[in-house]
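> Predicted coordinates and the sequence they were generated for:
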Amino acid sequence: MTTAAADATQSNGMTGFLGWIERSGNKLPDPVFLFFWLILILIVISQIASMAGLSVTHPTEIDPDTGAARVVAAASLLNAENIQRLWVEMPTTFTHFHPLGYVLVVMLGAGVAERAGLFGTAMRAGVRDAPKALLTPIVVFVGMMGNLAADAAYVVLIPLAGIIFHAAGRHPIAGIAAAFAGVSGGFSANLLPGQLDALLFGITEAAVETVFGDFTANIVGNWYFIAAMTFVFLPVIWFVTDRMIEPRLGKWNPARAGTAADEGDQDRPLTEAEKTGLKYAGIAVLAVVAMWLFFTFGPGTPLIDETASAEAQLNPFYKSLVAGFFMLFLLAGWAYGKGAGTIGDHRDLVKMMSGAMEDLAYYLVLAFAAAHFVAMFAWSNLGLVLAVNGANFLGSTDLPAWALLTAIILVTGLLNLFVGSASAKWALLSPVMVPMLMLLGISPEMATAAYRVGDGATNIITPLMVYFPLILIFCQRWDKDFGLGSLAAVMLPFSIGLMLSGLALTIGWVLFDLPLGPGASVFIEVPTTLNEAAAQP
């Protein structure tokens, strides 16, 4: 499949702007080596900044010797201290990379749910018997919820949507486009936090700590926002599919089918074993939810710190949610497997967990490179220098918060055309963006939310997106002449619609100062030094 996808990409070259994007993006190195090249560039810049004597006043720390705000100077990564750090602390730098633990724990459970067949069966059950009048919104909704299943949503739901649209007498490529827009364009939209939240907030946590010290990310800090994205994006994708894309595609001509539209048994009815598995999985989900409620409100309230301030009482609950999602996916997948017959004994369960770790092999390599880039960025103090100077400049412009976040969304969307990995982009942007916005009174959770809007909207129009060639192959099964430019053209209206609606949602959220999630707000108090705080009346 990989070879076929590559051949399809090469044989359908585009011209114009999309062609320029494809050619420019293909010249970039793999994200792993991109980080290594950036480290080399960072070393050079740190040396120049150190020689130039760049420095700033730390926004939150004071010098114990002088009692004044501590002055932090740019440090060369070639000085003795940083060279020693690099070689001596390499294992610690890698293993203490915040997203690593979050992702590994959640994926241990999600891997079982995926391999047992829970995700695939749940998506098939969600769309297979959908009423014709509601076919598009159901496919889109299942696609957005399917983001919890990561790769399974691309491999299972998107080709299945083509089959179901065809069976309903509609153009199959319209179904593929709607599902692709839901899964990939609405990449962050969901009613539940999941793997992506663990990944992104781990990076956010590391970014805050490079400037402000200890900080614990709130994994549900975007919960309300991503749930709202689901309800905003769904009608947008529905409208674009039914009113713009499908009329343009016209009536599907079976004579244009490629490798025949035989999609195997993906459209077969659910077996009794699969139905039993879904029932068992539902019971397991309820059991995990009940267990967490008991731990939160039961005797001793282990997940509530009643001795802490009102704002911090729920911190143990927020920190426990990574483990909660692990248990949710693990037990639901195990229950489904026992009911459906895909899991025999505990050895099968262990094999599935081991397989999930194998799937993360590339991510581990990427995390190694990203961890060192983030750490070395912190050692150089350039993140603090850029954040403080950037915040001072933006503060002097008097731009409102919604305008700043709009600019961030647009920059993220543009960068996404060239760097497809959500974690790679956020690891690049967050060390400067998050502290800078905090110094302007915008919370880390809001910075993360804005990034998510920009990241998802252009996923579906960049040929560098890893699943883009696979989606092309799905389309070519129904239309052998369907090329890369055709797919980009079909998905462009979705991308524009998602970007505009995402911008509107973000601006509205900021203007009304709505909570982003439990314990997470749009604005925070601007971090100040102790002596500055003491001087305030």
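Arrived safely.
> What average pLDDT does stretch 160-180 get?
Per-residue pLDDT over stretch 160-180 has a mean of 88.
> Please disregard the earlier target; I meant stretch 324-338.
In this model, stretch 324-338 has an average pLDDT of 93.
> what comes into contact with it?
Stretch 324-338 has contacts (Cβ atoms under 8 Å, 6 or more residues apart in numbering) with 105-106, 108-110, 112-118, 121, 193-195, 198, 277-278, 280-281, 283-285, 287-289, 291-292, 342-343, 348-349, 352. Heads up, the C-betas are built off the backbone N, CA and C, glycines and all.
> which residues sit in contact with the nearest residue to Gly111 once chain neighbours are set aside?
Using Cβ to Cβ, 6 or more residues apart in numbering and skipping residues adjacent in sequence, the residue nearest Gly111 is Ala356, 2.1 Å away. Taking Cβ under 8 Å, 6+ apart, we find Ala356 in contact with Met107, Leu108, Ala110, Gly111, Val112, Glu114, Arg115.
> in the longest helix along the chain, what counts as buried?
When the chain is parsed with DSSP state H, its longest helix is helix 484-512. Judged by neighbour count using 16 or more other Cβ atoms under 10 Å, the buried positions of helix 484-512 are 484-488, 490-491, 493-495, 497-499, 501-503, 505-507, 509-510.
> Ok, stretch 365-384 next?
Neighbour counts over stretch 365-384 (16+ other Cβ under 10 Å) mark 366-384 as buried.
> residues contacting the residue most central in space within the chain?
By Cα atoms, centre = their mean, the chain has its centre lying nearest to Leu196, at 4.2 Å. Listed by Cβ under 8 Å, 6+ apart, the contact set of Leu196 reads Asn147, Phe187, Ser188, Ala422, Arg452.
> helix or strand for it, which one?
helix 195-212 (DSSP states H and E).
> now the strands for this protein?
55-62, 69-73 (DSSP state E).
> do you know which of those strands lies nearest Leu42?
Proximity to Leu42 (Cβ to Cβ) singles out strand 69-73 among these, at 16.3 Å.
> Mean confidence (pLDDT) on the closest one, please.
For strand 69-73, mean pLDDT is 83.
> which helices and strands sit right next to it?
Contacts defined by 3 or more Cβ pairs under 8 Å, 6 or more residues apart in numbering; DSSP states H and E place strand 69-73 against strand 55-62.
> Point out where this structure drops to low pLDDT.
Filtered on pLDDT under 70, the chain yields the residue ranges 1-28, 60, 99, 149-152, 255-267, 309-312, 420, 463-464, 466, 528-537.
> rerun that using 50 as the cut-off
1-14, 259-264, 530-537 (pLDDT under 50).
> Next, find the distance separating Lys351 from Gly344.
Using Cβ to Cβ, to the nearest Å, we find Lys351 at a distance of 10 Å from Gly344.
> Name the residue in the two with the higher neighbour count.
For Lys351 versus Gly344, neighbours defined as other Cβ atoms under 10 Å are more numerous around Lys351 (13 against 10).
> And the longest helix of the chain, what does it pack against?
helix 16-27, helix 172-180, helix 223-239, helix 401-416, helix 444-457, helix 468-476.
> quick revisit: let me know the closest of the contacts of Ala356 to Met433.
Nearest to Met433 out of the contacts of Ala356 is Met107 (Cβ to Cβ; 26.1 Å).
> Next, count neighbours for that closest one.
24.
> ok, now how distant is it from Ala113?
Distance of Met107 to Ala113, computed by Cβ to Cβ: 10 Å.
> same deal with Leu366?
23 Å.
> And for Lys351?
Computed as Cβ to Cβ, the Lys351 to Ala113 distance reads 14 Å.
> Distance from the chain centre to stretch 170-185, please.
Stretch 170-185 has its C-alpha centroid displaced from the chain centroid by 20 Å (Cα atoms, centre = their mean, to the nearest Å).
> same thing with stretch 138-147?
Offset of stretch 138-147 from its chain centre (Cα atoms, centre = their mean): 15 Å.
> hmm, who's touching that stretch?
Stretch 138-147 is contacted by residues 119, 123, 126-127, 130-131, 152-153, 156-158, 161, 164-165, 175, 178-183, 186-192, 194, 196, 230, 233-234, 237-238, 241 when judged by Cβ under 8 Å, 6+ apart.
> Give the ChimeraX command for selecting the buried subset of those.
Applying 16+ other Cβ under 10 Å to the contacts of stretch 138-147, the buried members can be selected in ChimeraX as follows:
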select :119,123,126,127,130,152,153,156,157,158,161,164,165,175,178,179,180,181,182,183,186,187,188,189,190,194,196,230,233,234,237,238,241
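> related to what we said a few turns ago, ok and the helix holding Leu196 relative to helix 444-457, angle-wise?
Between helix 195-212 and helix 444-457, the angle comes out at 130 degrees (axes from the mean of the first three to the mean of the last three Cα atoms, to 10 degrees).
> Could you export helix 195-212 as CSV, CA atoms only?
Taking C-alpha atoms only, helix 195-212 is exported to CSV below (Å, rounded to 0.1, in the frame of the first residue of the first chain):
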residue,chain,number,x,y,z
GLN,A,195,-4.6,10.9,22.8
LEU,A,196,-4.1,14.2,21.1
ASP,A,197,-4.9,16.1,24.3
ALA,A,198,-2.2,14.1,26.1
LEU,A,199,0.3,14.7,23.4
LEU,A,200,-0.3,18.5,22.9
PHE,A,201,-0.6,19.4,26.6
GLY,A,202,2.6,17.5,27.4
ILE,A,203,4.4,19.8,24.9
THR,A,204,2.6,22.8,26.4
GLU,A,205,3.7,21.8,29.9
ALA,A,206,7.3,21.6,28.7
ALA,A,207,7.0,25.0,27.0
VAL,A,208,5.8,26.7,30.1
GLU,A,209,8.5,25.2,32.3
THR,A,210,11.3,26.5,30.1
VAL,A,211,10.4,30.0,31.3
PHE,A,212,8.2,29.8,34.4
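> what's the angle from that helix to strand 55-62?
Inter-element angle recorded for helix 195-212 and strand 55-62: 100 degrees (by the same axes, to 10 degrees).
> Renumber starting at 684 from here on
Got it, first residue is 684 now, which makes that one helix 878-895.
> quick one, helix 878-895 and strand 752-756 angle?
Using the same axes, to 10 degrees, one finds that helix 878-895 and strand 752-756 are set 100 degrees apart in direction.
> how close does the closest residue to Asn901 other than its chain neighbours sit to Thr887?
In this structure, Asn901 finds its nearest non-sequential neighbour in Tyr1001, 4.8 Å apart by Cβ to Cβ, 6+ apart. Separation of Tyr1001 from Thr887 (Cβ to Cβ) stands at 13 Å.
> which of those two has more neighbours?
The residue with more neighbours, out of Tyr1001 and Thr887, is Thr887; 26 against 21, by other Cβ under 10 Å.
> Touching, the more buried one and Ile902? I think so.
No: Thr887 is beyond contact range of Ile902, at 10.0 Å (criterion: Cβ atoms under 8 Å).
> separation between the nearest residue to Val823 once chain neighbours are set aside and Val923?
Of all residues not flanking Val823 in the chain, Gly865 sits nearest, at 4.0 Å (Cβ to Cβ, 6+ apart). To Val923, Gly865 is 11 Å away according to Cβ to Cβ.
> what do you get for Gly1020?
38 Å.
> same thing with Ile722?
From Ile722 across to Val923, the span is 41 Å (Cβ to Cβ).
> between the two, which one's more packed in?
Taking other Cβ under 10 Å, Ile722 and Val923 do not tie; Val923 has more neighbours (26 against 17).
> The more buried one reaches Phe1177, doesn't it?
Yes: contact criterion Cβ under 8 Å: Val923 and Phe1177 qualify, at 5.3 Å.
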